[in-house]
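Student: prediction below, plus the sequence it came from.
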Amino acid sequence: MTTTVTARMSALARAELTLLGRSRATIVTAVLVPLLLPLSVRPALDGMDLADAGLTVGTVILPAAVGFSLLFAVYASLTSAYVVRREELVLKRLRTGELHDREILVATALPATAIGLTQCVVFAVGGAVLLDLGAPRAAHLAVLGVLLGLVLCAALAAVTAAFTRTAESAQVTSLPLLFVSMLGSGVTIPLEVLPDRVASVCELLPLTPAITLVRGAWTGDLSGYEALGAVTTALAWIVLAVFAVRRWFRWEPRR
């Protein structure tokens, strides 16, 4: 009996969600860390001249919270999931059934991306209430930024997993992107307060477009040209990541 693509992917996504819930380390990484890290940004803001940059505490902390969710709930947790499933031969067994390769990768990513999306919605509501941000001036930019960030982080997780030997080493191989994104993509330090030359380089980092679009949704200062540039950069990274996955992703344990 042949099943539909939706049925196959839904079944795999449910199984992945069950496995995710059984891993305490994954729950901490995907759920608790993104919720707690934004609190660490607040003390650092006291030394920044946010007013001159056209920013407020809210327009810094909210995009930071979204960034932490994308990095930890999606990228870091999904990198570990891909590696663990591969080393346990789960991916290899799945390929012998009806599921196509892209269906396996996407379905495996669905629970993590759903968690990330839920957190972003919670942060947006919380920011409107607790940080007195109100509704975004350009809601479509926030939606676009989050969706691009989710797709990119999921793709980058598969790329990182391709070069990761064990589940333990996944905590190490994911660190470079985590650190670079937190420091240079506007997560903890807004690009608006950086020197122009440094900011121009940081604009090309993978997660920068998502943070730029989310922040611009609330500040209303992002021009159409700047938004288009951010979207173009994000799409370019997504294309590169998908190419890397197709070229180097491994379906059997690395020995």
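Tutor: Cool, got the structure. Residues are numbered from 1 along each chain as shown.
Student: below-threshold pLDDT in the stretch 1-150 of the chain: ranges please.
Tutor: 1-2, 46-47 (pLDDT under 70).
Student: how about the helices in it?
Tutor: 5-22, 24-27, 33-36, 38-41, 57-68, 77-87, 90-94, 101-130, 139-162 (DSSP state H, counting those that start in this stretch).
Student: dump the residue contacts of the residue positioned nearest the centre of the chain.
Tutor: Note on the chain: the residue nearest the mean C-alpha position is residue 70, at 2.6 Å, using CA atoms, centre = their mean. By CB atoms under 8 Å, 6 or more residues apart in numbering, residue 70 lies in contact with 116, 120, 146, 149-150, 153, 207, 210. Every C-beta, even on glycine, is put in place using the N, C-alpha and C of the backbone.
Student: try it again at 6 Å.
Tutor: Listed by CB atoms under 6 Å, 6 or more residues apart in numbering, the contact set of residue 70 reads 116, 149, 153.
Student: what sits against the second one?
Tutor: Think residue 149. So residue 149 contacts 70, 210 (CB under 6 Å, 6+ apart).
Student: any idea how far residue 128 is from it?
Tutor: Distance, residue 149 to residue 128, using CB to CB, to the nearest Å: 20 Å.
Student: picking that back up, could you export the contacts of residue 70 as CSV, including distance to residue 192?
Tutor: Compiled in CSV, those are given as follows (distance: CB to CB, whole Å):
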residue, distance to residue 192
116, 25
149, 19
153, 23
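Student: sorry, back to before: with distance to residue 50 as extra columns, can I get the helices of the stretch 1-150 of the chain in a markdown table?
Tutor: Shown next, in a markdown table, are those (distance: least, CB to CB, whole Å):
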| stretch | distance to residue 50 |
| --- | --- |
| helix 5-22 | 37 |
| helix 24-27 | 34 |
| helix 33-36 | 22 |
| helix 38-41 | 12 |
| helix 57-68 | 7 |
| helix 77-87 | 31 |
| helix 90-94 | 46 |
| helix 101-130 | 15 |
| helix 139-162 | 20 |
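Student: residue 222 is nearest to which of those?
Tutor: helix 139-162 (6.5 Å; CB to CB).
Student: against which helices or strands is the very next helix or strand once past that closest one packed?
Tutor: Downstream of helix 139-162, the next assigned helix or strand under DSSP states H and E is helix 167-173. Packing contacts for helix 167-173, counted by 3 or more CB pairs under 6 Å, 6 or more residues apart in numbering; DSSP states H and E, involve helix 77-87.
Student: which outside residues touch the helix it packs on?
Tutor: Under CB under 6 Å, 6+ apart, the answer for helix 77-87 is 26, 29-30, 91, 109, 112, 154, 157-158, 160-161, 164, 167, 170, 174, 253.
Student: how does it look with 7 Å?
Tutor: 20, 26, 29-30, 91, 108-109, 112, 154, 157-158, 160-161, 164, 166-167, 170, 174, 250-251, 253 (CB atoms under 7 Å, 6 or more residues apart in numbering).
Student: what do you get for stretch 248-255?
Tutor: 86-87, 91-92, 95, 158, 162, 165.
Student: can you do 8 Å?
Tutor: By CB under 8 Å, 6+ apart, stretch 248-255 touches 86-87, 89, 91-92, 95, 101, 105, 158-159, 161-165.
Student: mind checking which of those residues are buried?
Tutor: 86-87, 91, 105, 158-159, 161-162, 164 (16 or more other CB atoms under 10 Å).
Student: quick check: the farthest pair among these?
Tutor: 87 and 159 (17.1 Å).
Student: report how many residues lie close to the spatially closest residue to residue 21 that is not a sequence neighbour.
Tutor: Sequence neighbours aside, residue 27 is the residue nearest to residue 21 in space, at 7.0 Å (criterion: CB to CB, 6 or more residues apart in numbering). Applying other CB atoms under 10 Å, we find 15 residues neighbouring residue 27.
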